[in-house]
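J.: need a structure here:
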Amino acid sequence: MISSISLVILMLMFIFVWQPIWTSGFKDFHTISDAIIKLNETAKPTSELAPVMLSEITKMRQSIGNMEANMGVIEKNMGNINTSVSYMGQSISGEMHQMNYEVDSMNDKFTPMGMMPFNW
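T.: Numbering: from 1, shown residues only. Below is the predicted model:
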C-alpha cells in the first residue's frame, strides 16, 4: 500500500511538477538554439572578412615600415643637404670677399661716368 501511494505521488509529481519544467526547458532550448543559429548567421560574414582584414592590416604595417625606412633616408639626405648649404655659405662668403677686393682694386681703372661716350 505504501509503495502504491509512493508510486502515485511520484507519477503526480512527474505530471504536474516535472512535466511543465521539462516542457519549458525544451522551449528555452529551442529559443537558445534559434539564437545560436541567428548568431552564427550574423557572425559568418564577419568570420569570412577576418582573414582579409588581417592581410590588409599586415600590408598597412609593411607600408608603415617602408615609410619609416624612407624617412630615415630622407633625414640622412637632409643632413647631406644641410652640410652642402653650409659649405656653399662658407664658399660664397670667401668668394664674395675675393670679388670685393678685385672690384675695389679695379675701381681706379674704370672710366669716369662723365666721360662715357653716351651719357643718357
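J.: roughly how far does the residue nearest the centre of the chain sit from residue 45?
T.: Closest to where the C-alpha atoms of the chain average out (CA atoms, centre = their mean) is residue 60, at 6.5 Å. Look at residue 60 and residue 45: by CB to CB, to the nearest Å, they are 22 Å apart. Bear in mind the C-beta positions are built from the backbone N, C-alpha and C, glycine included.
J.: what of residue 34?
T.: 19 Å.
J.: now swap in residue 74 and tell me
T.: 42 Å.
J.: same check, this time on residue 95
T.: Following CB to CB, the distance that separates residue 95 from residue 45 is 71 Å.
J.: how about residue 58?
T.: Counting by CB to CB - residue 58 and residue 45 are separated by 21 Å.
J.: average pLDDT across the longest helix along the chain?
T.: Under DSSP state H, the helix in the chain containing the largest number of residues is helix 19-106. Mean per-residue pLDDT for helix 19-106: 79.
J.: now do the strand or helix carrying residue 5 against helix 19-106, angle only.
T.: Element membership of residue 5, judged by DSSP states H and E, is helix 2-13. Orientation check (axes from the mean of the first three to the mean of the last three CA atoms, to 10 degrees): helix 2-13 against helix 19-106 gives 40 degrees.
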